[in-house]
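Engineer: 3D model of this:
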Amino acid sequence: MPSLLRRVKSRMFIFAHRRTLSLLDGEYGSVFKGRSLDFDELRAYVPGDEVRDIDWKATARHGSPLVKRYVAVRRHAVLLLVDTGRNMAAQAFSGESKRDIAVHAAGVLGYLAARHGDDVGLLHGNATNSWYLPPRSGEEHLERLLREVDASASLEGPVSGIAQQLDYVLRYLKGRLLIVAIADEFLPDSRTENLMRRLRGRHEVLWLTVRDAELAVQAGHEGSTDVRTGQAIPLALAMDGKVQAAYAEAMLEREQQRRAVFHRLGIAEEHTSGSEEVLTSVFALLEKHRSRAITPRPSTVGGSHAG
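Structural biologist: Numbering: from 1, shown residues only. Below you'll find the predicted structure:
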């Protein structure tokens, strides 16, 4: 059986030259640069400490500011959080299967992590179930993860429901992680947004969205079908100019609302339309995350804090 990781690496070198790969390596490395991820102890606050390291609950109990102290770790844990619900078996904007794009994106990110000596794990699933493969090192392990994603998203499976996987992380996974979500294009509801906010508070979170196909691209001999609901639009209606214009306007409004959610949560998000865009999308995503990480947050020292 052909190696999925070998295919990913081949495409990486086809679509990128050495300088691009070096820049991609640099952006990945910058995600962890200067930040230890393993908690060690609490100690008294001293001028110059990061305000974001203050443990406000411990401070309230103690009566004076206490900061969390971290120890450096050589190897980090990267979690690929991949939507493998029925939605990911649908066509993407490029005409490819979203599943194939997800496999390629997971492969690129996993390969970058492996090059930096980091462990890579996988959490994937749908609105009904989640499956977890703990972080490990090595390309053989990464190949297994990619095969798991490739075999799991099908038109016969349950619909996507990323909230199920977000809840799983919050309930069962301990320790600070670098989480890269690869998911269908969706607008978070209030519950999902709350889960994303909580996840962002505990982990480093990046989000890669696989874009939906256009209505005209989806249309086939029997019309266009919504994979999630099973509802079909007759071909003649799907190809109607007014219908397409209304669809495009609705999708634009939905996109603006979705981006506003990610901005509000402070989660770096990027989208990709197809496999050929994955490298540039991953680079842009890492760059966004680094930029947000170094942007100073409003100081709350001396003010009120909800805890």
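Engineer: Just to check, His116 is in contact with Tyr28?
Structural biologist: Yes - using C-beta atoms under 8 Å, His116 is in contact with Tyr28, at 6.3 Å. All C-beta atoms are positioned from the backbone trio N, CA, C, and that covers glycine.
Engineer: Please identify which of those two sits among more neighbours.
Structural biologist: Comparing His116 with Tyr28 by neighbour count (other C-beta atoms under 10 Å), the higher total belongs to Tyr28, at 25 against 15.
Engineer: how about that one, phi and psi?
Structural biologist: With angles defined as degrees, to the nearest 10, Tyr28 sits at phi -60, psi -50.
Engineer: need the contact list for it.
Structural biologist: Contact analysis of Tyr28 by C-beta atoms under 8 Å, 6 or more residues apart in numbering lists 112-113, 116, 286.
Engineer: how far away is it from His76?
Structural biologist: Relative to His76, Tyr28 is positioned 11 Å away (C-beta to C-beta, to the nearest Å).
Engineer: what's the answer for Ile267, then?
Structural biologist: 19 Å.
Engineer: Would you mind giving the dihedral angles phi and psi of the spatially closest residue to Gly274 that is not a sequence neighbour?
Structural biologist: Sequence neighbours aside, Ser94 is the residue nearest to Gly274 in space, at 2.7 Å (criterion: C-beta to C-beta, 6 or more residues apart in numbering). Note on Ser94: backbone dihedrals following degrees, to the nearest 10 are phi -80, psi -10.
Engineer: I'd like the distance between Ser94 and Ile179.
Structural biologist: From Ser94 to Ile179 the distance is 25 Å (C-beta to C-beta).
Engineer: Common neighbours of Tyr28 and His76, please.
Structural biologist: Taking C-beta under 8 Å, 6+ apart as the contact rule, Tyr28 and His76 both touch 113, 116.
Engineer: quick revisit: give me the subset of the contacts of Tyr28 lying in strands.
Structural biologist: Among the contacts of Tyr28, DSSP state E puts none in strands.
Engineer: Which one of those is nearest to Leu146?
Structural biologist: Closest approach to Leu146 among the contacts of Tyr28 (C-beta to C-beta): Ala113, at 12.9 Å.
Engineer: Number of residues surrounding the closest one?
Structural biologist: Neighbours of Ala113 using other C-beta under 10 Å come to 25.
Engineer: any idea which helix or strand of the chain has the worst average confidence?
Structural biologist: Using mean pLDDT, DSSP states H and E, the weakest-scoring helix or strand in the chain turns out to be helix 215-218, at a mean of 51.
Engineer: what bridges to the closest residue to Val180 other than its chain neighbours?
Structural biologist: Distance criterion C-beta to C-beta, 6+ apart; nearest residue to Val180, sequence neighbours excluded, is Leu206 at 4.8 Å. Counting by DSSP bridges, Leu206 is bridged to Val180, Ala268.
Engineer: Leu206 - how many residues pack around it?
Structural biologist: Leu206 has 23 neighbours, counted by other C-beta under 10 Å.
Engineer: I figured it hits Ile267, correct?
Structural biologist: Yes - with contacts defined as C-beta under 8 Å, Leu206 counts as touching Ile267 at a distance of 7.3 Å.
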